[in-house]
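>>> can't give you the sequence, but here's the structure:
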């Protein structure tokens, strides 16, 4: 894999956001803001961290536990040539396979997700199987912060280090929002998160979740002696000011005027 270029990542992520906006004009509603907040995390995993040499035995695995952020993964897979443009052009339409949440069996999708709180358990199971079979690969996982409210997540956090699992990297989209409110307001004891995760035996780092270079550097600097969680501080709806941290954009398509405004704001922010 060639060295990670943060400038190229910025260009890609701008294009990914534009592509998601383009798709928004073909369906009544979609999860724009949740996808926008995790774009850099997904991009960094695929383009900066994962081994993707084309061999099943050694290629790293990606699981999008934050299933409602599926468009962030779909646009990346389209860029990589894994998903055909025709499939994404017909996102969430009758008779076409790409739905609101990722479904196993579609190109590049390793797990059906969207019922929040299950992705980490799936990833831990995959990582444990690889450990037992002595496969030299890593499981990368993108999670939402809201799903960290689920007890199943903390069971998985407890199990992984207890079983000596090290080959897992969980990237958390810490945008401080669940669907209709702020995580920190709904559940104040949610924070501080890093020390809770460390107390379960994981290594943990915190970065700006929209800083691609920082994401890659933090993961590459992990010790490798423990499973790893990266807490990425993000903004829901990042890049379009009128969408940022506004609950209504959790699941809504912009009208034509809003679409044009959103494109203009993305361009302005990229300068």
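Structure received. Since we're looking at a predicted model, the values are computed, not measured.

>>> What ranges does the protein have for its strands?
61-64, 139-144, 168-174, 177-178, 181-182, 203-208, 228-233 (DSSP state E).

>>> count of neighbours near residue 63?
Burial of residue 63 is recorded as 25 neighbouring residues (other Cβ atoms under 10 Å). Heads up, the C-betas are built off the backbone N, CA and C, glycines and all.

>>> In JSON lines: the strands of the chain, plus mean pLDDT.
Output for those, formatted as JSON lines (pLDDT from 0 to 100):
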{"stretch": "strand 61-64", "mean pLDDT": "97"}
{"stretch": "strand 139-144", "mean pLDDT": "97"}
{"stretch": "strand 168-174", "mean pLDDT": "98"}
{"stretch": "strand 177-178", "mean pLDDT": "89"}
{"stretch": "strand 181-182", "mean pLDDT": "86"}
{"stretch": "strand 203-208", "mean pLDDT": "98"}
{"stretch": "strand 228-233", "mean pLDDT": "98"}
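
>>> Just send those strands back as TSV, with distance to residue 162 too.
Listed next are these as TSV, based on distance: least, Cβ to Cβ, whole Å:
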stretch	distance to residue 162
strand 61-64	20
strand 139-144	17
strand 168-174	13
strand 177-178	29
strand 181-182	33
strand 203-208	15
strand 228-233	16
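
>>> mind checking which of the ones you listed is nearest residue 243?
strand 177-178 (11.6 Å; Cβ to Cβ).

>>> Mind listing residues that contact that closest one?
With contact meaning Cβ atoms under 8 Å, 6 or more residues apart in numbering, strand 177-178 is reached by 145-146, 149, 183, 186, 236, 245, 247, 250.

>>> right, and the strands of the chain - which one's nearest residue 111?
Comparing those by Cβ to Cβ, strand 61-64 comes nearest, at 4.9 Å.

>>> List the neighbouring strands of that closest one plus their orientation.
strand 139-144 (parallel) (DSSP bridges).

>>> re the thing from before, list only those of the contacts of strand 177-178 flagged as buried.
145-146, 149, 183, 236, 245, 247, 250 (16 or more other Cβ atoms under 10 Å).
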